[in-house]
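Asks: show me how the following folds:
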Amino acid sequence: MQKNRLTWMIGGPQGSGINASAEVFAKACSRAGLRVYANIEYHSNIMGKHSFYRVRVDDEDVRSYKDKADILVALDLETLAGDGDHRRWATHYGHLAEINDGGGVIFDNEIGFDPATANRPDLRFYPVPFMEIIKKALEEVGKGEQARRYEVMKNTVGLGASLALCEYPFDLVAEVIRSQFKGKRAEVGELNVRAAKLAFEHVKQHESAKDFPYTLKPGKEPTARILAKGYEIHAIAKLKAGCSFQTYYPISPATDESVFLERQQRDYTLLVVQCEDEISSINMAVGAAHMGVRAATATSGPGFALMVEGIGFASITECPGPVLVMYQRGGPSTGMPTRQEQGDLQFALHPAQGDFPHIVTAPGDLREAYQDTFSAFNWAERYQMPIIVLSDKKLASVYTTIDKLELKWDQIDRGERFTGSEWTAVDAKGANDAGSQSGHNGNGHAKMDLANVKEYLRYAFAKDGISPRSRPGIKGGRHWITSDEHDPDGHITEGVEMRVAMMEKRMGKLKLAQKAIPQEQQYFLHGPKDADLTVLAWGSTKGTVLDALKVLEAQGKKINFLQCRLMRPFPAQAVGDILRKAKRIVSIEENYSGQLAQLVQEQTGVMIDQRINKFDGRPFSEDEVVNALAKVYEGAKAEPVVTHVH
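Replies: Presented below is the predicted three-dimensional model:
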């Protein structure tokens with residue numbers, strides 16, 4: 001008997017409501033003191049294609065999914081048998097092979113499935129008359145003839161049936177279902193509760209349900225926890241940081257963040273604008289940042305490809321932002337719009353032509369996503385440059401438990417600002433400046449005595465390279481902005497000395513950021529310093545690697561994990577020192593080429609030829625990382641990992 005360590009899966013055609021039932025189940029478990037990690041896999045079309053949702057529940061913290069589930073709810077035949085019978089390249093061959101020994105399979109008895117064909121005598125199959133149960137629930141309120149209109153309630157029927165197997169208290173789930181249907185929809189909520197209860201009672205009648213080996217009970221001391229998705233956390237961090245302007249053009253999986261913010265904008269000083277394209281999105285965000293508000297945008301790889309000129313413009317004009325959350329997905333081109341990949345690291349590091357300053361950070365979990373997105377606004381205004389926060393599809397859609405959402409570095413820093421009293425000596429324009437030499441004020445005034453004149457210079461050569469920024473409406477703060485190289489006034493120049501001085505001014509700000517950003521936000525070494533094997537990884541693989549190392553540690557294997565979080569400016573000295581002391585190194589990334597390994601080699605000179613890469617559009621499971629690392633630990637050569645679909 002396995003208690004409080006369960007993975008529940010539901011599969012069906014897109015549009016059948018599998019996400020609703022999975023999230024109800026996750027909420028019921030989380031509210032009862034259990035810990036949850038849930039993720040959904042879905043196609044890039046709107047309706048019809050196969051999708052499935054896994055919910056992993058445990059007493060202890062879980063940060064990844066397992067290859068196998070204990071309970072499967074099948075709303076259609078494809079969930080059980082796959083699509084390999086009618087496709088040249090099968091997406092999958094059904095989920096029956098992904099169920100643990102002794103597990104349970106609940107399916108609609110109308111789909112024409114014969115358990116004898118499964119060749120899994122160890123599994124327990126429970127055919128459930130989904131539509132009959134829905135009709136019975138409706139008959140109780142005089143709507144029996146409308147059963148087909150309520151067919152979407154099949155997902156709730158499947159949920160209720162599975163609760164009977166794992167012995168989870170039905171009332172806890174019923175409470176969550178009711179909370180999803182308020183006001184005029186309360187009646188629909190009660191219908192769903194009743195349908196789930198009838199399914200629960202139906203399965204309870206099965207003799208084999210009485211000794212089902214996988215059970216789930218509420219925690220001993222339920223405590224208030226947060227259950228959230230990644231895009232919600234990025235959005236909440238923007239609100240917390242005081243973001244006033246968000247732009248976007250719809251693109252998966254980034255759109256969810258902006259839609260979430262649209263729902264909140266009436267309650268906050270925030271304007272969300274859906275633009276005509278990504279070019280407008282970045283340029284409007286840059287313009288808003290120059291106007292003095294905290295501005296942001298969100299996109300994915302194809303949209304980011306259209307934003308690169310705007311990012312370069314923000315950088316050369318020393319714009320205080322914007323903050324851009326980049327949700328990576330499978331590429332190139334349209335690629336795999338709803339699938340996972342860490343394929344845009346090198347792109348984010350070098351998105352526009354020439355050398356220019358920008359910061360790139362890659363949080364590894366939702367807590368880090370909250371902090372890094374918040375901090376990004378401070379960095380944007382303190383160093384007057386665009387900031388890229390690298391997220392991905394996995395982080396965006398994961399639904400997981402967070403004990404507490406808090407900021408370790410929670411102060412708002414608006415950076416150096418011109419208020420109307422900080423005047424810059426004209427000679428701060430630098431040598432060979434045409435405006436100074438001619439004796440004309442760069443702000444358009446007549447000839448003056450330069451020895452006694454001061455004025456506002458937007459790009460003055462300050463000691464630390466950061467010139468106080470102005471905004472419209474500040475007396476004396478008039479200035480020019482151009483995408484060309486410019487002098488301290490903002491006027492176009494192609495002078496040799498001025499070009500060199502301005503490049504050094506802009507690029508030098510990266511060194512300032514490197515010194516000021518806390519070490520924990522740059523990199524972190526998890527595990528023993530004297531490990532036999534060091535894992536190098538970044539971004540959303542963090543949770544999976546930590547879960548895998550916990551399993552491997554129990555097997556007596558000594559492995560540590562170097563997580564890289566700040567990608568630009570890269571902490572080359574510290575990372576290099578750690579890796580040069582490592583006995584053996586292996587990288588783990590969800591891309592084809594090992595983009596972090598390439599960055600580390602470029603920045604530190606440490607060569608990493610052992611690489612565990614995955615690029616099939618699905619994230620690593622705990623089991624995949626455990627198996628891959630165990631082989632490397634024993635001396636085998638690292639190989640790419642492919643999701644097992646048979």
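Asks: and the helices in the stretch 251-400 of the chain?
Replies: Applying DSSP state H, counting those that start in this stretch to the stretch 251-400 of the chain gives helices spanning 255-264, 278-290, 301-316, 345-349, 366-383, 393-397.
Asks: and the stretch 51-200 of the chain, by the same measure?
Replies: 77-81, 130-139, 154-166, 170-180, 186-204.
Asks: just say which of the ones you listed is most tucked in.
Replies: helix 154-166 (a mean of 27; mean count of other CB atoms under 10 Å). Glycine gets a C-beta too; all of them are placed from N, C-alpha and C.
Asks: next one: it to chain centre, how far?
Replies: Distance of helix 154-166 from the chain centroid (CA atoms, centre = their mean, to the nearest Å) equals 30 Å.
Asks: measure how that helix sits relative to helix 130-139, angle-wise.
Replies: 100 degrees (axes from the mean of the first three to the mean of the last three CA atoms, to 10 degrees).
Asks: can I have helix 154-166 written out in CSV, keeping just the CAs?
Replies: Provided in CSV are the C-alpha atoms of helix 154-166 (Å, rounded to 0.1, in the frame of the first residue of the first chain):
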residue,chain,number,x,y,z
LYS,A,154,-17.6,13.9,-18.3
ASN,A,155,-14.4,15.3,-16.9
THR,A,156,-16.1,15.7,-13.5
VAL,A,157,-17.5,12.2,-13.7
GLY,A,158,-13.9,10.9,-14.3
LEU,A,159,-12.6,12.9,-11.3
GLY,A,160,-15.4,11.6,-9.0
ALA,A,161,-14.8,8.0,-10.1
SER,A,162,-11.0,8.2,-9.4
LEU,A,163,-11.6,9.6,-5.9
ALA,A,164,-13.3,6.3,-5.0
LEU,A,165,-10.1,4.4,-5.9
CYS,A,166,-7.6,6.5,-3.9
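Asks: so how far is the longest helix anywhere in the chain off the chain centroid?
Replies: The single longest helix within the chain, with elements called by DSSP state H, is helix 496-516. Taking the mean of its C-alpha atoms, helix 496-516 sits 31 Å from the chain's own mean (CA atoms, centre = their mean).
Asks: what packs against that helix?
Replies: helix 366-383 (3 or more CB pairs under 8 Å, 6 or more residues apart in numbering; DSSP states H and E).
Asks: what's the helix it packs on packed up against?
Replies: Helix 366-383 sits against helix 230-241, strand 323-328, strand 359-361, strand 387-392, strand 399-402, helix 496-516, with contacts defined as 3+ CB pairs under 8 Å, 6+ apart.
Asks: adding distance to Asp413, mean neighbour count and mean pLDDT, write those out as JSON lines.
Replies: Listed next are these as JSON lines, based on distance: least, CB to CB, whole Å; neighbours: other CB atoms under 10 Å; pLDDT from 0 to 100:
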{"stretch": "helix 230-241", "distance to Asp413": "10", "mean neighbour count": "25", "mean pLDDT": "98"}
{"stretch": "strand 323-328", "distance to Asp413": "13", "mean neighbour count": "30", "mean pLDDT": "98"}
{"stretch": "strand 359-361", "distance to Asp413": "14", "mean neighbour count": "23", "mean pLDDT": "98"}
{"stretch": "strand 387-392", "distance to Asp413": "13", "mean neighbour count": "27", "mean pLDDT": "98"}
{"stretch": "strand 399-402", "distance to Asp413": "25", "mean neighbour count": "22", "mean pLDDT": "96"}
{"stretch": "helix 496-516", "distance to Asp413": "10", "mean neighbour count": "16", "mean pLDDT": "97"}
